[in-house]
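Asker: no sequence for this one, just the structure:
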């Protein structure tokens, strides 16, 4: 059953049993609800047709059917139809338990030992405040064997011809046919993927990780007169930008803690993964502030 949070200005609909996902996030206007995330349906059971879900215990893809850690190999299986590689962890594919529910705040909990070496408890918080949505994710490792962890959010936003993104970076990873990183390139001033100032999204497909971010972004829809300021705490230095192309009705701006396929880099921790011992935790906060867009 979906749960509604409402502060009179914003409304959030969450489906705890469907990966803790956000079904809808709307601004409440005199003309009716205005979608801020891509609107989903409460009757659908596919998290990838919703507005947002959490990424844990890793984000994006892991190659080669698994990874090695501290001298042991851990096999992972593909977990999404049409994707040959395991993707986005397992938190979005499990039912979360409601631990606290109020008018403007919801706390969900999950214990998972689905895929070794990942054995963890997670807490997912949604909170509506004046003009903003805060999402907080905390993960604690429960296993005896140390394991690498990463966190992220996977929101879908409405895509229209006028949408603009401002999220300055120092570089971007180019990818192969499996969407795995092949070469990092520095972001030049004249690069068509440079979002140092508000710019349109690429016309073609994009599914790439950007680095050297300051953890703050601005998404704006001038024709609708709205914008979302995105902030992270602690500041994240990476985000993924995904869209099938200009004819799609959505795009994804995903603030994450580590690089794609970081588990296979020479030093995974240099790519953002964090090794946790038993009882150690990771915590990350994302905030979405509603504001007016300048035309």
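Answerer: Nice, thanks for sending it over. No experiment lies behind these values; they were computed from the predicted model shown.

Asker: for stretch 219-237, the distance to its chain's centre please.
Answerer: 14 Å (CA atoms, centre = their mean, to the nearest Å).

Asker: neighbours around residue 120, how many?
Answerer: 23 (other CB atoms under 10 Å). All C-beta spots, glycine's among them, are computed from the backbone N, C-alpha and C.

Asker: Can you give me every residue that contacts it?
Answerer: Residues near residue 120 by CB atoms under 8 Å, 6 or more residues apart in numbering: 56, 57, 111, 112, 113, 139, 140, 141, 142, 143, 149.

Asker: measure the fifth one to residue 148 for me?
Answerer: I take that to be residue 113. 16 Å (CB to CB, to the nearest Å).

Asker: Now do the same contact list for residue 129.
Answerer: Going by CB under 8 Å, 6+ apart, residue 129 touches 7, 104.

Asker: Figure out how far the helix or strand hosting residue 173 is from the centre of its chain.
Answerer: Assessed by DSSP states H and E, residue 173 sits inside strand 171-175. Remark: strand 171-175 is offset 18 Å from the chain centroid, using CA atoms, centre = their mean.

Asker: swap in stretch 51-58?
Answerer: 5 Å.

Asker: That one: end-to-end distance?
Answerer: 19 Å (CA to CA, to the nearest Å).

Asker: which residues does the nearest residue to residue 143 once chain neighbours are set aside contact?
Answerer: Nearest non-adjacent residue to residue 143, counting by CB to CB, 6 or more residues apart in numbering: residue 119, 3.5 Å away. If you count contacts by CB under 8 Å, 6+ apart, residue 119 has them with 112, 113, 141, 142, 143, 147.

Asker: if you set the cut-off to 6 Å instead, what comes out?
Answerer: By CB atoms under 6 Å, 6 or more residues apart in numbering, residue 119 lies in contact with 113, 142, 143.

Asker: same question, residue 204
Answerer: residue 245.

Asker: three-state assignment of it?
Answerer: coil (DSSP: H, G, I helix; E, B strand; the rest coil).

Asker: can you offset everything so residue one is 457?
Answerer: All set: I'll call the first residue 457, so the last point we hit is now residue 660.

Asker: State the distance from it to residue 703.
Answerer: 10 Å.

Asker: Residue 692 is in contact with residue 711, isn't it?
Answerer: Yes - using CB atoms under 6 Å, residue 692 makes contact with residue 711 at a distance of 4.8 Å.

Asker: And residue 686, how far from residue 611?
Answerer: From residue 686 over to residue 611 (counting by CB to CB), the distance is 9 Å.

Asker: quick one: which of those two has more around it?
Answerer: Taking other CB under 10 Å, residue 686 and residue 611 do not tie; residue 611 has more neighbours (25 against 22).

Asker: Can you verify the more buried one is assigned to a helix?
Answerer: No - under the criterion used here (three-state DSSP), residue 611 is strand, not part of a helix.

Asker: how close does it sit to residue 519?
Answerer: 25 Å.

Asker: circling back: report the buried residues of the strand holding residue 629.
Answerer: 628, 629, 631 (16 or more other CB atoms under 10 Å).

Asker: Direction included, what does that strand pair against?
Answerer: strand 637-642 (antiparallel), strand 662-667 (antiparallel) (DSSP bridges).

Asker: next structured bit after the last one?
Answerer: The element immediately downstream of strand 662-667 (helix or strand, assigned by DSSP H and E) is strand 672-677.

Asker: Please apply the same query to the first one.
Answerer: Heading C-terminal from strand 637-642, the first helix or strand you meet, by DSSP H and E, is strand 655-656.

Asker: What strands line up against that next one, and which way round?
Answerer: Here, using DSSP bridges, strand 655-656 pairs with strand 620-622 (antiparallel).

Asker: now the partner strand, how far from the chain's geometric center?
Answerer: For strand 620-622, the distance to the chain centre is 17 Å (CA atoms, centre = their mean).

Asker: What of stretch 671-678?
Answerer: 15 Å.

Asker: Just the residues contacting that stretch, thanks.
Answerer: 618-623, 683-688, 691-692, 749, 751.
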